[in-house]
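**Student:** What would the 3D arrangement of this be:
(chains A, B, C and D)
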Protein chains: 4
Amino acid sequence: MNVGEVCTREVYIVRPDEPLLQAVHEMRKRNVGCVVAVETRAKKVVPAGILTDRDIVRTLPEKADALRTLLVADCMTRNPLCLREDESIVDAIARLRQRGVRRAPVTAADGDLVGIVSTDDLLGIIAEQLSSLARLVEQQTRKPRMAPNRPAPDSAPMSGGSDL
Amino acid sequence: MNVGEVCTREVYIVRPDEPLLQAVHEMRKRNVGCVVAVETRAKKVVPAGILTDRDIVRTLPEKADALRTLLVADCMTRNPLCLREDESIVDAIARLRQRGVRRAPVTAADGDLVGIVSTDDLLGIIAEQLSSLARLVEQQTRKPRMAPNRPAPDSAPMSGGSDL
Amino acid sequence: MNVGEVCTREVYIVRPDEPLLQAVHEMRKRNVGCVVAVETRAKKVVPAGILTDRDIVRTLPEKADALRTLLVADCMTRNPLCLREDESIVDAIARLRQRGVRRAPVTAADGDLVGIVSTDDLLGIIAEQLSSLARLVEQQTRKPRMAPNRPAPDSAPMSGGSDL
Amino acid sequence: MNVGEVCTREVYIVRPDEPLLQAVHEMRKRNVGCVVAVETRAKKVVPAGILTDRDIVRTLPEKADALRTLLVADCMTRNPLCLREDESIVDAIARLRQRGVRRAPVTAADGDLVGIVSTDDLLGIIAEQLSSLARLVEQQTRKPRMAPNRPAPDSAPMSGGSDL
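**Tutor:** As a prediction, this is how the structure comes out:
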């Protein structure tokens, strides 16, 4: 199981030089709290930054009066951690922890953006694995179970006719 | 969530003074790897021991020729850890770890046997909680998602008509 | 394990009638993405709303020019789901799912705010339970293990001197 | 993460034609509930069967008087599910479920036995992943948290000097 199998392929993208409020409008319309700011290099779409609700709110106290003039680039986190689609889940979690972030753009080997992965996606896949394991164990335990042989304490014979 | 809500109520019981092979026959018929040996005290069914596949196999090298004469009491683990049905899952796991066992009879406050709980049951309940949490998180993330706005890198305009 | 044992007790509070930018400033200073808006009723601090990064960003497109005049009440989600500190984890997850939210203020029986609980807190406690269970199972499996008896395929005798 | 990274390399092996009691003796000495019965083919050690506590106990009612004459082959489960060391965890769980078994010998691409994998091993690795994810999420949430600003309800000013 690698990052490419787990990540969300529907990633919303913006350009660093577009107005922040235009990106915010897009985020609201799509109901996402995060978009990837991309540049085009050698016909590839390459992540240049990541823009989250938190990034935007952090900017507000200083920039409240200049909101209409801000660009995505003024607000986004540059040089975001990018994960490769062929990285393992385990490595992905380790690298997210190292950088202290909950999500990262996912790229192909050539740097082209292919998706975004978040702790939510990772939780989903781990929960699925655990459920599958739990069902395996339960099927083992329960499958052939018949009615119990639990008697009333002061009455009936049980296995083999012996009294309790 | 406490032990009583998680445990298996269909526990198979034997008596310490019944022939081991009779208990083994019952275990095979029921397809279980574990039965609880019980005594009746003051009209209550009280665990006196626990008998597992492992207990039986461990006895074989010495007792291979005396199998027909063995009683459950000769083979069972006495004074088994018993968990109370009102104990929390967390406490139950801690006490199982402390004793180094994977399963324990479950009793009511008055000592009466009500079920058996194993690491398999605990895995089941934890997996259920995690799945429920994962679905909550996923519903949050995905619910209102529309089609992505990801363009071909060298072609189309995206949010707001700006070229990439 | 109930909500009171899992929730974060350090909850940041604001008043519905304070300026939004003042709350935003506080959120940045505390590095939190969520505060609880409270009212005082009968000497109790009672949740009146919840204010998140997302709530704030959603307001921006329309209110970009009026940011300095907005109050917390203009932006917050009113009548938030509140969880009782004596609710079980399982019930808490179910109620969060039903409302489609990731976090909720936690109150005492009398309605007084005592904390906030999020899917992050719940993940933490479930992961802890699963780790504890995994260590129990591992201790069972591995504890008394000695060196393996795996021989080279074409050479040595193994258990009992029989050749492979 | 694949089966080879998760499996237990110390697998205990027996031969199909060795006396059952000799294998039982070895199982007790090693404190394992399962051994792999192997044959040598083209200088490779190849699984021919799997022998568990349960297999042995199931045989007892009929064979109690012939225990000393039984061979491993009389008791073992033949043609066991074997997993390849390069299979993914997800596939491994699926195949174990399909066969309804909790453990399987693990082989190299050429069929040579390299280990054994059980639901216990799989639980261990999933629990590790979940813990790692929980720590990532917690580090995000808690890291920069300062003292709370929760005031006494009827007293002090809070963020920005406003009374509650």
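
**Student:** Chain C contacts on chain A?
**Tutor:** A:21, A:24-25, A:27-28, A:33, A:52-54, A:56-58, A:60-61, A:64-65, A:67-68, A:123, A:130 (CB under 8 Å from any CB of the partner chain). Yep, even glycine has a C-beta here, placed from its N, CA and C like the rest.

**Student:** okay, now the residue nearest to residue A:79 when sequence neighbours are not counted: neighbour count?
**Tutor:** Nearest residue to residue A:79, sequence neighbours excluded (CB to CB, 6 or more residues apart in numbering or on different chains): residue A:49, at 7.6 Å. When neighbours are defined as other CB atoms under 10 Å in any protein chain shown, residue A:49 has 21 of them.

**Student:** circling back: which among the residues of chain A next to chain C are in contact with chain B?
**Tutor:** Within those, those near chain B by CB under 8 Å from any CB are A:123, A:130.

**Student:** Surely residue A:30 and residue A:11 touch.
**Tutor:** No: the pair residue A:30 / residue A:11 is not scored as a contact, 10.3 Å apart, by CB atoms under 8 Å.

**Student:** hang on, the earlier thing: do you know the pLDDT at the residue nearest to residue A:79?
**Tutor:** Per-residue pLDDT puts residue A:49 at 98.

**Student:** What distance do you get for it to chain C?
**Tutor:** Residue A:49 sits 16 Å away from chain C when distances are taken as CB to the nearest CB, to the nearest Å.

**Student:** Can you name the residues that contact the nearest residue in space to residue A:94 that is not next to it in sequence?
**Tutor:** Spatial nearest neighbour of residue A:94, chain neighbours left out: residue D:132 (7.1 Å); criterion: CB to CB, 6+ apart. For residue D:132, the contacting residues are A:90, A:93-94, A:97, by CB atoms under 8 Å, 6 or more residues apart in numbering or on different chains.

**Student:** State the number of residues packed around residue A:86.
**Tutor:** Neighbour count for residue A:86, taken as other CB under 10 Å: 13.

**Student:** now swap in the one 3 residues further on and tell me
**Tutor:** Taking other CB under 10 Å as the neighbour definition, residue A:89 ends up with a count of 23.

**Student:** Tell me, how many residues neighbour residue A:75?
**Tutor:** Residues near residue A:75, counting by other CB under 10 Å: 22.

**Student:** before we move on, back to that, what about burial for the contacts of residue D:132, which qualify?
**Tutor:** The neighbour count (16 or more other CB atoms under 10 Å in any protein chain shown) marks A:90, A:93, A:97 as buried among these.

**Student:** Pull the number of nearby residues for residue A:42.
**Tutor:** By other CB under 10 Å, 9 other residues sit near residue A:42.

**Student:** If I look at it, what pLDDT would I see?
**Tutor:** On pLDDT, residue A:42 comes in at 91.

**Student:** got a list of what it touches?
**Tutor:** Residue A:42 sits next to no residue when contact means CB under 8 Å, 6+ apart.

**Student:** Then the one 4 residues further on?
**Tutor:** With contacts defined as CB under 8 Å, 6+ apart, the neighbours of residue A:46 are A:38-40, A:107, A:111-113.

**Student:** State the helix or strand in which it lies.
**Tutor:** Assigned by DSSP states H and E, residue A:46 belongs to strand A:44-52.

**Student:** about what we covered before: the residues of chain A next to chain C, buried ones only, as a ChimeraX selection?
**Tutor:** Only the buried entries of these go into this ChimeraX selection, using 16+ other CB under 10 Å:
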select /A:21,24,25,27,28,33,52,53,54,56,57,58,60,61,64,67,123,130
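
**Student:** count of neighbours near residue A:99?
**Tutor:** The number of residues packed near residue A:99 is 12, by other CB under 10 Å.

**Student:** Verify the contact between it and residue A:81 for me.
**Tutor:** Yes: using CB under 8 Å, residue A:99 is in contact with residue A:81, at 4.5 Å.

**Student:** how close does residue A:74 get to residue D:25?
**Tutor:** Separation of residue A:74 from residue D:25 (CB to CB, to the nearest Å): 75 Å.

**Student:** ok, now residue A:64?
**Tutor:** 80 Å.

**Student:** try residue A:76
**Tutor:** Distance, residue A:76 to residue D:25, by CB to CB: 68 Å.

**Student:** Kindly report the same for residue A:105.
**Tutor:** 58 Å.

**Student:** I'd like the next helix or strand past the strand or helix carrying residue A:58.
**Tutor:** Using DSSP H and E, residue A:58 maps to helix A:53-63. Per DSSP H and E, the first helix or strand lying C-terminal to helix A:53-63 is strand A:77-78.

**Student:** That next one near chain D anywhere?
**Tutor:** No: Strand A:77-78 is not in contact with chain D by CB under 8 Å from any CB; minimum separation 13.8 Å.

**Student:** From the contact counts, what lies against that strand?
**Tutor:** Packing partners of strand A:77-78 (3 or more CB pairs under 8 Å, 6 or more residues apart in numbering or on different chains; DSSP states H and E): strand A:44-52.

**Student:** Now the strand it packs on - C-alpha only, PDB.
**Tutor:** Extracted C-alpha coordinates of strand A:44-52, given in PDB (Å, rounded to 0.1, in the frame of the first residue of the first chain):
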ATOM      1  CA  LYS A  44       4.400  19.700 -15.600                       C
ATOM      2  CA  VAL A  45       2.100  21.000 -12.900                       C
ATOM      3  CA  VAL A  46       4.500  21.400  -9.900                       C
ATOM      4  CA  PRO A  47       3.500  22.300  -6.300                       C
ATOM      5  CA  ALA A  48       4.900  25.700  -5.300                       C
ATOM      6  CA  GLY A  49       2.900  26.100  -2.100                       C
ATOM      7  CA  ILE A  50       0.000  25.000   0.000                       C
ATOM      8  CA  LEU A  51      -2.700  27.200   1.200                       C
ATOM      9  CA  THR A  52      -5.000  26.300   4.100                       C
END
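
**Student:** Pull up the pairing partners for it, direction included.
**Tutor:** Applying DSSP bridges to the sheet, strand A:44-52 is found paired with strand A:34-41 (antiparallel), strand A:77-78 (antiparallel).

**Student:** Dump those strands to JSON lines, plus distance to residue A:4 and mean neighbour count.
**Tutor:** Shown next, in JSON lines, are the strands paired with strand A:44-52 (distance: least, CB to CB, whole Å; neighbours: other CB atoms under 10 Å in any protein chain shown):
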{"stretch": "strand A:34-41", "distance to residue A:4": "16", "mean neighbour count": "20"}
{"stretch": "strand A:77-78", "distance to residue A:4": "23", "mean neighbour count": "12"}
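
**Student:** Nearest to residue D:138, out of those strands?
**Tutor:** Closest to residue D:138 of the strands paired with strand A:44-52, according to CB to CB: strand A:34-41, at 19.8 Å.

**Student:** quick one: the helix or strand of chain A with the lowest mean pLDDT to helix B:119-142, angle?
**Tutor:** Least confident helix or strand of chain A, by mean pLDDT, DSSP states H and E, is helix A:119-142 with a mean of 91. Using axes from the mean of the first three to the mean of the last three CA atoms, to 10 degrees, the direction of helix A:119-142 lies 150 degrees away from that of helix B:119-142.

**Student:** That concludes my questions; thank you for your assistance.
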